[in-house]
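Asker: mind folding the following:
(chains A and B)
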Amino acid sequence: DAGVIQSPRHEVTEMGQEVTLRCKPISGHDYLFWYRQTMMRGLELLIYFNNNVPIDDSGMPEDRFSAKMPNASFSTLKIQPSEPRDSAVYFCASSLYIATNEKLFFGSGTQLSVL
Amino acid sequence: SQQGEEDPQALSIQEGENATMNCSYKTSINNLQWYRQNSGRGLVHLILIRSNEREKHSGRLRVTLDTSKKSSSLLITASRAADTASYFCATDSWGKLQFGAGTQVVVTP
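Answerer: Numbering: from 1, shown residues only, chains lettered A, B, ... in the order given. Modelled structure (predicted):
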């Protein structure tokens, strides 16, 4: 298996533009997580899915952020409109079982810069 | 808010030396995990220790857990330049895995 695949690897956009980040989890994993990493706040859990259903989105910072998982092999995180403070590295991770009892597999991340 | 806090924030050692970092957390846990992150990459799982375990080994890694003190330590023995990375502890909180701020380790040849 190729692991968790994220795209794009880097994204530079202007304030106000829509940004879509993509993730393909490891096949067979039932859980998918979106994290955001910044120097100031470290790694923050934004949202996670179980069997394509959003379970907890309490970490999503604002209504500008939305996430979907239309099928077991694909998820998106969308920011509309984007703001400079959204600049961060966004990671997608997946696990076979609930993360608290199972290790997470992380993608390589998307470095987002909002100018 | 972060559940786990690593100490020290940064650590610089020479190849062959041991590296020890600590993690303190606030609430009861089911297990604690350690991850490594190389610069510009995603996190990689190193080891998971359950709340009823006190010590666990994996290769050159040794993890201890003291639930009474709400703390864990990660020891890397005989460090190598390739161990240069940030190391994070992660604890479960209300069903979610939360990460500390990390310890940045630099191993110089």
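
Asker: please make it C-alpha for all contacts and neighbour counts, starting now.
Answerer: Fine.

Asker: show me the shaky parts of the chain.
Answerer: By default, I'm working from chain A. Counting by pLDDT under 70, chain A shows low-confidence ranges at A:1, A:99-100.

Asker: not what I meant, chain B
Answerer: B:1-3, B:94-95.

Asker: rerun at 80
Answerer: For chain B, residues meeting the criterion pLDDT under 80 lie at B:1-4, B:93-96.

Asker: show me where it has strands.
Answerer: Ranges of strands within chain B are B:4-7, B:10-14, B:19-25, B:31-37, B:43-50, B:55-58, B:61-66, B:71-76, B:85-93, B:96-99, B:103-108, based on DSSP state E.

Asker: could you identify which of these is most buried?
Answerer: Ranked by mean neighbour count, the strands of chain B are led by strand B:85-93 with a mean of 24 (mean count of other Cα atoms under 10 Å in any protein chain shown).

Asker: does chain A sit close to that one?
Answerer: Yes - against chain A, strand B:85-93 shows contacts by Cα under 8 Å from any Cα of the partner chain at B:Thr91, B:Asp92.

Asker: off-centre distance for that strand?
Answerer: Distance of strand B:85-93 from the chain centroid (Cα atoms, centre = their mean, to the nearest Å) equals 6 Å.

Asker: which residues does the residue of chain B found nearest chain A contact?
Answerer: For chain B and chain A, the shortest gap (Cα to the nearest Cα) falls at B:Gly42, measuring 4.4 Å. Shown in contact with B:Gly42 (Cα atoms under 8 Å, 6 or more residues apart in numbering or on different chains): A:Phe91, A:Phe106, A:Gly107, A:Ser108, A:Gly109.
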